[in-house]
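Colleague: coords please:
(3 chains)
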Amino acid sequence: MAVTDPAAGGGTMNPRLEMLGAFWASFSENKGAVAGLVFMVVLVLVAIFAPLVAPHAPDVQNRDALLVPPFWEAGGSLTYILGTDAVGRDMLSRLIFGARYSLFIGLFVVTLALAAGVTLGTLSGYLGGWVDTVVMRVMDVVLAFPGLLLALVLVAILGPGLMNAMIAITLVLLPHFVRLTRASVMTERDKDYVVAVRTAGAGPIRLMVKTVLPNCLAPLIVQTTLSFSNAILEAAALGFLGMGAQPPTPEWGTMLAEAREFILRAWWVVTFPGLAILLTVLAINLVGDGLRDALDPKLKRG
Amino acid sequence: MLLRTLASALALTTCLAFTAAEAKTLVYCSEASPEGFNPSFFTGGQTFDASAKPIYNRLVEFERGTTNVVPGLAESWEVSDDGLEYVFKLRQGVKFHASDKFTPSRDFNADDVLFSFNRQLKKDEPWYKVSAPTYEYFDGMSMPDLIKNIEKVDDYTVKFTLTRPEAPMIANLAMDFASIMSAEYADQMMKAGTPEVIDNEPVGTGPFRFVAYQKDAVIRYEAFADYFGGKQAIDQLVFAITPDASVRLQKLKAGECHVMAYPNPADIGGLMNDDTLQVMQQEGLNVGYLAYNTMVAPFDNPKVRKALNMAINKEAIIESVFQGTGSPAKNPIPPTMWSYNEAVTDDPYDPESAKKMLEEAGAAGLKMKVWAMPVARPYNPNARRMAELIQEDFKKIGVEVEIVSFEWGEYLKRSSEKERDGAVLLGWTGDNGDPDNFLAVLLGCDAVGGANRAQWCDKEFNDLIQKAKSLPTQAERTALYEQAQLRFKDQAPWATIAHSLVTIPMSKKVSGYKMDPLGSHRFDGVDIAE
Amino acid sequence: MIPFLAKRIGLLIPTFLGVTVVAFLFIRLLPGDPVLLLAGERGLSPERYAELMAQFGFDRPLWQQYLEYLTGVLHGDLGNSIVTKQPVLSEFAALFPATLELSITAMIFAVVLGLPAGVIAAVRRGSVFDHTVMSTALVGYSMPIFWWGLLLIIVFSGWLGWTPVSGRISLLYYFPTPTGFMLIDSLLSGQKGAFGSAVSHLILPAIVLGTIPLAVIARQTRSAMLEVLGEDYVRTARAKGLAPGRVVGLHALRNALIPVITTIGLQAGLLLAGAILTETIFSWPGVGKWLVDSIFRRDYQVVQGGLLLIAGIVMIVNLAVDVAYGLVNPRIRHRR
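Modeller: As a prediction, the model looks like this:
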């Protein structure tokens, strides 16, 4: 189960490099994963350099070009490659700027959920007793609600908006990290090497950070990728229901919600934002599958 | 056992089943589930379409397709000279519907009128609290203060005594909340210990009898054979509840429904070109506006408000937000309403001058909030988009706009607070076709801190509308309302944005449908070809 | 078995209480004043406002409201909808069959396609079929279903005109609905074409809702099969010369099914979450759409009761899966 040999945990650089090499060799075998990775790298670059890449500003309305179709359709032009929306904003530019939001949402949610989840999970698993009971019961309560419903209600309380949507999604994804970390910590806790380090006088925090946590890294990485794509999907769903990022933010889910009334008249305003969500989530999931297979063949679930 | 139940259920249902093709059925794609079936509890248009209009009658009615008030359950009425006493002569031989829980033993009479009003008026009586209702319209139209007493003179005569003269009273009684229910049904259900049944399984005197309701899906009615106005041409009326406008349109095109409510503005152009459909359009009895807070600087200065008004490109809004299905508004009341002042000239769209005026008023470089409603309304189908357009317009005169929004309940609450920060997008749809229903409700001094979102209390304006309310004839009132509109335009508490153009697409098979200027959807007098 | 069951149920009690607290508190924390919402553009006088607040009980201390709420819940009283004045429980009961019918159909769709696809992919590991199934499954798994639904509507209802756009059955049919399941009721009604109409209304929503479970089941089945196929007894069976079909059918599949069934059971929460989006897109009159609408309407009592009921259902389904799994696999009972 362990990625690293814990005894070599504090060793020289070489074994680590070697490991990384082995990992990459295994990862790069998976063509889908590499394709996903390439897509993600491109997407990140596009997001970072959005103002340079986008042909138009995402919020500029050209009132002479409302609902212009993509260039290959009759009436379309190369000025607006993917057409324009109902107030004459360039679809492509909005999609490009939208990548920023989706990636940011994923990053924010995952970082927060990972940090909070690992902390709570470690505490719960290591300390046991009432801390464990309380934390796990609270997580049970969170898990008893369908994620989207809980997020929806949370956003309703906090008020619609991107920030609140992200907080809500973090809370919904949190239990998975807590449970995973707790389970790993509990299996590692009583193992010989941990007992050895503990009797050698290592403090509990040091013990956790240095020895126990690195050994639950593999499942955590996989869970993190999964959560990354989940976060993007849920945020888009919230946006779609009018509870996520608010217009005119070019967040993809929000764009879809705005476009819904044109479903029969302008297919492109509906199709492209959804396609962007699908491709991004797909790429992340491809990378996630590749990571899982490369990190731990036993975790492989197909 | 299970088999037997199944078999008997099968036998039963085949007996009951009737094939739809034999009866003339009209299907209406409505926009939302009714809140309930007692029209006096609610305010939603979809509720009135589903309850008050098909099932019930009122003492007086709005004539189909107009805002004229005509006799309904009352054949005639007389108003005393001091304007305080209204005596109604009731129609005789009017039948109530029967249902599986109730068979009427008598015709409609004065007891039903008393029951229907007293339920909303008399807080101490048990009926007041049945179904834990709120009587929004009854209260909203100030009926509890206005009605001193209602008495039964004889079985077919009822007298209302008011506390003060109220010119719009008759029009108020034509409103949906004043629907007449059966006192006999109420008594029976009360005795059976299930009084709330009368609110869920409605029994009225109207053109259609309520048959069944499946929440969020469908409401079924059948034509009432003994309707005092004669049986309707169609046999069955079905409301297909379809909240999504694109879906409603799809259903209309597929022939799954024959009439649809509120199409997307974006789709109307296409509808006009569809050979299988007919499209009716009329200006709605509504106005969409941007209300400044006239209590907060610099918006307390009419010049600033005027300048901002001149910066708004209404044509662009009509084009983009209403997709052409609206008309620019210059007055706070719609053009279909009597006393609309054609002579008023609108503020011109002139960003250059607007910028100058703003500088003169010392408000250059202004930063402000514009509130965008989170819901679509006929008077503003997409407030968010409208706010974005206004944001762009104001940018051109150097005014920086932040768009804010809250969920609907919160929006309504916060926007009515006197110290509110920012200008609010909102609107109003008329209830009874009376100008007082716009001018006093939305701009009167009494409404500051409430429905008067501009927090605008102007003595000159207020005196005019108060005086108009107490005058007996429409001509006299019109003169004052016309003056009031001039004063309004001069002081500019709002930017009047638009009146919507209400569009009702329907199948070519439908005949006799008349658009209601008051915005409801009525199916009496409508026929459908096989 | 009894102690195991008792322990599982015992664990549910604090969770259930937690759920009631969450449902109760969340709703009180919502901004938006339900009483003002009722009044709409019209507004209310302060006196009338106070009166209504008292009528709905919003003016009492929070703990008192909670105790009343909990007592009500334990007596099966979830309060009345503020908008429609109807009991929340009866509204739920009226709409739940629609959600259940949609969910079950979606699940059947997912299992019927996903299970064989996964099995065949595992048996023919590495083949074109395997790759196709797995790629498709990954796409399905990554699908934003709200967009998927819109896309299907554009193509099948808009362009092709094959399927109706929304609702459960054509409104031309009207019959009693003793079971609440339109497929069954339409058959019982004996009306010509009613069943076909119900099916054609159900098909797109069921595909949309079933897409993610389908992907999960296909992936899960394949990996479970691969694991079992690699185990000794299967290899032994093969070595003994049993026909490959029998090996797969009899031995491998049966063992692989256990984790797959668990997966299916655990999709309950996911399905209900998916139902929220699917029902919204297709105007399907079920509890998902009802809850979303109620959130927007600030119908305090409905959201509260609905949250509780949905969480309760998820908990019960999970318990049932747990117990079923415990029955099949006794080792699990002794797990900590």
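
Colleague: Compute the first-to-last residue distance for stretch B:259-278.
Modeller: One end of stretch B:259-278 to the other measures 10 Å (CA to CA, to the nearest Å).

Colleague: What is the subsequent helix or strand relative to whatever helix or strand B:H499 lives in?
Modeller: Per DSSP states H and E, B:H499 falls inside strand B:494-507. Using DSSP H and E, the next helix or strand after strand B:494-507 towards the C-terminus is strand B:510-511.

Colleague: Report the mean per-residue pLDDT for that following strand.
Modeller: Within the predicted structure, the mean pLDDT of strand B:510-511 is 94.

Colleague: ok, how many other residues are close to the residue of the stretch 151-300 of chain C found nearest chain A?
Modeller: Nearest to chain A in the stretch 151-300 of chain C, going by CB to the nearest CB, is C:S223, at a distance of 3.0 Å. C-beta coordinates here come from the backbone N, C-alpha and C atoms, glycine included. Other residues within reach of C:S223 by the criterion other CB atoms under 10 Å in any protein chain shown amount to 19.

Colleague: sec struct for it, please.
Modeller: In three-state terms, and counting by DSSP: H, G, I helix; E, B strand; the rest coil, C:S223 is helix.

Colleague: contacts for the helix or strand bottoming out on mean pLDDT in chain A?
Modeller: Between all helices and strands in chain A, the lowest mean by mean pLDDT, DSSP states H and E belongs to helix A:204-206, at a mean of 74. The contact list for helix A:204-206, computed with CB atoms under 8 Å, 6 or more residues apart in numbering or on different chains, reads A:Y126.

Colleague: ok now that helix, how far from the chain's centre?
Modeller: Relative to the centre of its chain, helix A:204-206 is centred 29 Å away, using CA atoms, centre = their mean, to the nearest Å.

Colleague: Pull out the buried residues from it.
Modeller: Within helix A:204-206, no residue counts as buried by 16 or more other CB atoms under 10 Å in any protein chain shown.

Colleague: for whichever helix or strand comes after it, packing partners?
Modeller: Scanning forward in sequence from helix A:204-206 by DSSP H and E, the next helix or strand is helix A:217-240. Contacts defined by 3 or more CB pairs under 8 Å, 6 or more residues apart in numbering or on different chains; DSSP states H and E place helix A:217-240 against helix A:91-127, helix A:147-158, helix A:162-189, helix A:252-259, helix A:267-295, helix C:145-152.

Colleague: Could you give the secondary structure assignment for B:G362?
Modeller: Secondary structure for B:G362, judged by three-state DSSP, is coil.

Colleague: got a pLDDT number for it?
Modeller: According to the prediction, B:G362 has pLDDT 89.

Colleague: how much space is there between the most centrally placed residue in chain A and C:E279?
Modeller: Among the residues of chain A, the smallest C-alpha distance to the mean C-alpha position (CA atoms, centre = their mean) belongs to A:F228, namely 1.2 Å. As defined by CB to CB, to the nearest Å, A:F228 lies at a distance of 27 Å from C:E279.

Colleague: so where's the stretch 401-530 of chain B uncertain?
Modeller: Residues of the stretch 401-530 of chain B that meet the criterion pLDDT under 70 lie in B:407.

Colleague: What parts of it come near chain C?
Modeller: Within the stretch 401-530 of chain B, the positions adjacent to chain C are B:406-410, B:412-413, B:416, B:426-429, B:441, B:447, B:450-451 by CB under 8 Å from any CB of the partner chain.

Colleague: nearest to A:L123, of these?
Modeller: Looking at these and their distance to A:L123, the nearest is B:E407, at 36.5 Å (CB to CB).

Colleague: Let me see the contact set for C:M134.
Modeller: For C:M134, the set of contacting residues under the criterion of CB under 8 Å, 6+ apart consists of A:302, C:121, C:218-219, C:222.

Colleague: from those, which would you call buried?
Modeller: Those of the contacts of C:M134 that meet the buried threshold are A:302, C:121, C:218-219, C:222, by 16+ other CB under 10 Å.

Colleague: Okay, and which of the residues you listed map to helices?
Modeller: Mapping those onto helices (DSSP state H) picks out C:121, C:218-219, C:222.

Colleague: will you turn those into a markdown table that also has distance to B:Q46 and pLDDT?
Modeller: Converted to a markdown table, these look like this (distance: CB to CB, whole Å; pLDDT from 0 to 100):
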| residue | distance to B:Q46 | pLDDT |
| --- | --- | --- |
| C:A121 | 50 | 92 |
| C:A218 | 43 | 92 |
| C:R219 | 44 | 90 |
| C:R222 | 49 | 90 |
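
Colleague: Among the residues you listed, which pair sits farthest apart?
Modeller: Longest span within these, CB to CB: C:A121 and C:R219, 9.0 Å.

Colleague: can you list the weak-confidence ranges in the chain?
Modeller: In the absence of a named chain, this looks at chain A. Flagging of chain A using pLDDT under 70 yields the residue ranges A:1-14, A:296-302.

Colleague: wait, I meant chain C there
Modeller: Checking chain C against pLDDT under 70 turns up C:1, C:27, C:30-44, C:232-235, C:237-238, C:241-251, C:328-336.

Colleague: got the residues of the stretch 201-302 of chain A near chain B?
Modeller: Proximity of the stretch 201-302 of chain A to chain B (CB under 8 Å from any CB) is limited to residues A:242, A:246-248, A:260-266.

Colleague: Pick out the most distant pair among these.
Modeller: The largest separation in those, counting by CB to CB, is between A:Q246 and A:L264 at 24.9 Å.

Colleague: for the helices and strands packed on helix A:217-240, which one ends up most surrounded?
Modeller: Of the helices and strands packed on helix A:217-240, the one with the most neighbours on average (mean count of other CB atoms under 10 Å in any protein chain shown) is helix A:252-259, at a mean of 27.
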